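Participant: Let me see the structure of the following:
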Amino acid sequence: MSKILLWALLPTISIMNLACTSTREPDDILQSKFEVKIISSGENMPAVNLNKNNLKELLVMLYYQNDLDDIKRALEWDERKLIKALSLLVDEGLVQHIRDKIFIPSCMVIPEEEGKKLDQLAIDMAPAVARLIKRYQESIRVAALNIRAFKELPAESYTLFLFSNVLLDNWQIRKVEEKFLKARRPVRKNKSYYLSIQENTTNAQMESFGIYGNQIRSFPGYFLGIYGNQRHLPNLINLSDSLFLVYFDRGENGNPGILKEELLQMIINLHSKTPSTLPADIYNGLEKLRLISDGCLMIPVFSLEERNILDSISLQLTDPLIKILESYRQGLENAYQNSPYFNQTGFEEYFIWWYHFLYSRVTDVLIRDGMIILPPGNTQTYIMER
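Facilitator: Sure thing, here's the model as predicted:
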């Protein structure tokens, strides 16, 4: 018997404030666009694919506390299929079974109305963090000159990466978790990760709430990364095999996997040399992806030693950033306690997703003020030695 049927054996808790105070019909949820976002490292990923079988939509419906019969009707499921899906999510640690037919997400579901609240909190704080970065920019630029790519490539090929990804996101977020949250990532089915379901009401190009993030793929000896908030656009990671062959004019019989590795190695070997030495089909494909601009290859390559330099650059900002965050702690805790997430997930998960709103709004300020010059395709492609 499924463990979620043993309702009478489960402890009961108050269901006050478990659900969002607003309502939303399942049919409306199905007509809306939601994206799954994960913060993890290595193999710490959910075992279940939430983008399949309406699982992310089910999480949204549980967030709104839709009646289970209404959920079955909207998804065209019978009782057995609903029980199977709920059991899967409970087992994964993404849903709590409270009592009887009460289920709530234990991750963050961020619909438009809650996203606006998180965004406003971030907008209020963003100027202070932007001023901090401007105060440190000279020492950051000096340290960055120890990295070959930053010396030889144009600013639009790396400032988004340096002032957003390094200072605030990928190189900084672990330090924020350790020094501000002082907590490890939540463990779900023996995997440690944060997860949210975010509504996207923007255009097809922009990611939900304009949040910047990384997409990384492993290759032998190297990582290929994409950073930005428009990663839905064609790039070296998300190109399908068939489109890859079209972009790089390799015919229908080429092996995309091998060709991608060969392309990556060409870029690494080329580094900051003139891309005019590339084969014409490779040059044209990179140009179509806006990775060559005015004859310059816009892909920085970082050695292991240079990755350590990036880490030391991020450290310049860590302590003063933590000081600013601490000055806002009480306000953030109050906002969390008055949110629908208070009895659904911990403050740590609430904070870490709010932090993504924060550094994204800081990035927008730095773009507006000219410190960050966006690459031609509005996303930053980069390569790191493993």
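
Participant: which of the residues in stretch 134-153 are buried?
Facilitator: 136-137, 140, 143-144, 147, 149-150, 153 (16 or more other CB atoms under 10 Å). Bear in mind the C-beta positions are built from the backbone N, C-alpha and C, glycine included.

Participant: Tell me the confidence at Asn203?
Facilitator: Here the pLDDT value assigned to Asn203 is 71.

Participant: counting contacts, what elements does the longest helix along the chain pack onto?
Facilitator: If you go by DSSP state H, the chain has its longest helix at helix 112-144. Contacts defined by 3 or more CB pairs under 8 Å, 6 or more residues apart in numbering; DSSP states H and E place helix 112-144 against strand 194-199, helix 304-327, helix 329-337, helix 347-368.

Participant: Now do that helix and strand 194-199, the angle between them.
Facilitator: Interaxial angle, helix 112-144 versus strand 194-199 (axes from the mean of the first three to the mean of the last three CA atoms, to 10 degrees): 120 degrees.

Participant: angle of helix 112-144 against helix 347-368?
Facilitator: Orientation check (the same axes, to 10 degrees): helix 112-144 against helix 347-368 gives 60 degrees.

Participant: next one: helix 112-144 to chain centre, how far?
Facilitator: From the chain centre to the centre of helix 112-144 is a distance of 17 Å (CA atoms, centre = their mean, to the nearest Å).

Participant: now do stretch 379-386
Facilitator: That offset, for stretch 379-386, works out to 16 Å (CA atoms, centre = their mean).

Participant: List the buried residues for it?
Facilitator: 379-384.

Participant: pull the helix or strand with minimum mean pLDDT from this structure.
Facilitator: helix 256-270 (a mean of 85; mean pLDDT, DSSP states H and E).

Participant: and the angle for the following helix or strand past it with helix 256-270?
Facilitator: Using DSSP states H and E, the helix or strand that follows helix 256-270 towards the C-terminus is helix 280-288. Helix 280-288 and helix 256-270 are oriented at 90 degrees to each other (the same axes, to 10 degrees).

Participant: could you give the mean pLDDT of helix 280-288?
Facilitator: For helix 280-288, the mean per-residue pLDDT is 90.

Participant: what's the answer for stretch 219-228, then?
Facilitator: For stretch 219-228, mean pLDDT rounds to 94.

Participant: chain center to it: distance?
Facilitator: Computed by CA atoms, centre = their mean, the chain-centroid distance of stretch 219-228 equals 15 Å.

Participant: what's the answer for stretch 229-247, then?
Facilitator: Stretch 229-247 sits 18 Å away from the centroid of its parent chain (CA atoms, centre = their mean).

Participant: With stretch 37-47 instead?
Facilitator: 11 Å.

Participant: What are the buried residues along that stretch?
Facilitator: Buried, per 16+ other CB under 10 Å, within stretch 37-47: 37, 39, 44, 46.

Participant: same check, this time on stretch 86-97
Facilitator: For stretch 86-97, using 16+ other CB under 10 Å, the buried residues are 86-90, 92-97.

Participant: tell me the two of those residues that are most distant?
Facilitator: Farthest apart among the buried residues of stretch 86-97 by CB to CB are Leu88 and Gln96. That separation is 13.9 Å.

Participant: For the protein, give me the ranges with low pLDDT.
Facilitator: Per-residue confidence for the chain (pLDDT under 70) gives these ranges: 1-21, 251-253, 271-276.

Participant: can you pull the contacts of the spatially most central residue of it?
Facilitator: Centroid check for the chain by CA atoms, centre = their mean gives Gly213 as the closest residue, at 4.3 Å. Going by CB atoms under 8 Å, 6 or more residues apart in numbering, Gly213 touches 37, 169, 207, 227-229, 231, 356.

Participant: so it bridges to which residues?
Facilitator: Gly228 (DSSP bridges).

Participant: picking up where we left off before, TSV for the helices and strands packed on helix 112-144, including mean neighbour count and distance to Leu162?
Facilitator: Compiled in TSV, those are given as follows (neighbours: other CB atoms under 10 Å; distance: least, CB to CB, whole Å):
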stretch	mean neighbour count	distance to Leu162
strand 194-199	24	24
helix 304-327	16	8
helix 329-337	14	27
helix 347-368	22	10
